[in-house]
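In: Structure for the following, please:
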Amino acid sequence: SDDIPTLSADALAALQSFLSEKQEMDDRFAKLQEQADEIFESNKTVTMDYFQEDWQLSQFWYDDATAELLATRALEHTEEDDYIAFISSPTAYVAFRNVAPERKNAFVFEFDQRFDVFKDQFVHYDYNKPLEFPLAKELKGKFKFIVADPPFLNEDCLTKTASTVRYLSNEDTKVMVDTGAIMEDLAKKLLGARITGFHPAHRGGLSNEFRCYTTFE
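Out: Residues are numbered from 1 along each chain as shown. Coordinates of the predicted model:
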């Protein structure tokens, strides 16, 4: 027959709940955008609750403990005027900004333009064009500490992200890379980063085993 399919009561309720939650998130983010100047200038706390994960961009936010650990490491290994990069790692950047809002040389390199609410600290970044981003020439070799979280779990993404890391680095740069356990050999080959005992965790949980690699621990 040509009857139009209808949703069951349970499915309809689930759909309505999803749409309501999405609308609430959209409204919250719109408010953040309106207050962006004030928030940025006054160093008010911002949480990742403003930013809904976009799975099409392979966005999976860290849980609070992971984000705070990465932020703490960045803080421990840098001084006030040092440059810090969070590449495809907005959760760690937000955690860092909340504990050290006075650090104006901390940058979030991110494809998702919602993060331009962070004004001059936002660098629009596409890993497919690893050396083409705003202020590339000015930022070359300037960074003391880099956290990188390649958005896709494959060799191409890690290889291109690593080229960005090397471009931004100098001989004193410390690097942390969070990616899958299967990338251990490549992380070592590309960046000299060795696996640590830390297991990054995500809010929603992921089936892939994630590990942290560093050039200094």
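In: where do the helices sit along this structure?
Out: 9-34, 36-42, 64-76, 90-99, 136-139, 155-168, 184-191 (DSSP state H).
In: hey, least reliable of the ones you listed by pLDDT?
Out: Lowest mean pLDDT within the helices of the chain: helix 36-42, a mean of 58.
In: ok now do the residue positioned nearest the centre of the chain, which residues does it touch?
Out: In the chain, the centroid-proximal residue (C-alpha atoms, centre = their mean) is Ser89; its distance is 1.5 Å. Shown in contact with Ser89 (C-beta atoms under 8 Å, 6 or more residues apart in numbering): 70, 108, 147-149, 178. C-beta here means a position set from N, CA and C on the backbone, and glycine is covered the same way.
In: With Ala71 instead?
Out: By C-beta under 8 Å, 6+ apart, Ala71 lies in contact with 92, 95-96, 98-100.
In: Next one: it relative to Tyr62, how far apart?
Out: Note on Ala71: its distance to Tyr62, by C-beta to C-beta, to the nearest Å, is 10 Å.
In: what touches both of those two?
Out: Here Ala71 and Tyr62 have Ala92 as joint contacts, going by C-beta under 8 Å, 6+ apart.
In: circling back to that earlier point, which of the contacts of Ser89 lies closest to Thr159?
Out: Using C-beta to C-beta, Ala148 comes nearest to Thr159 of the contacts of Ser89, at 11.9 Å.
In: so what's the closest one bridging to?
Out: Per DSSP bridges, the residues bridged to Ala148 are Ile87, Val177.
In: For it, which residues are in contact?
Out: By C-beta under 8 Å, 6+ apart, Ala148 lies in contact with 85, 87-89, 161-162, 164-165, 175-178.
In: State the distance from it to Leu191.
Out: 9 Å.
In: quick one: common contacting residues for those two?
Out: 162, 165, 175, 177.
In: okay, now the last one: neighbour count?
Out: A total of 27 residues lie near Val177 under the criterion other C-beta atoms under 10 Å.
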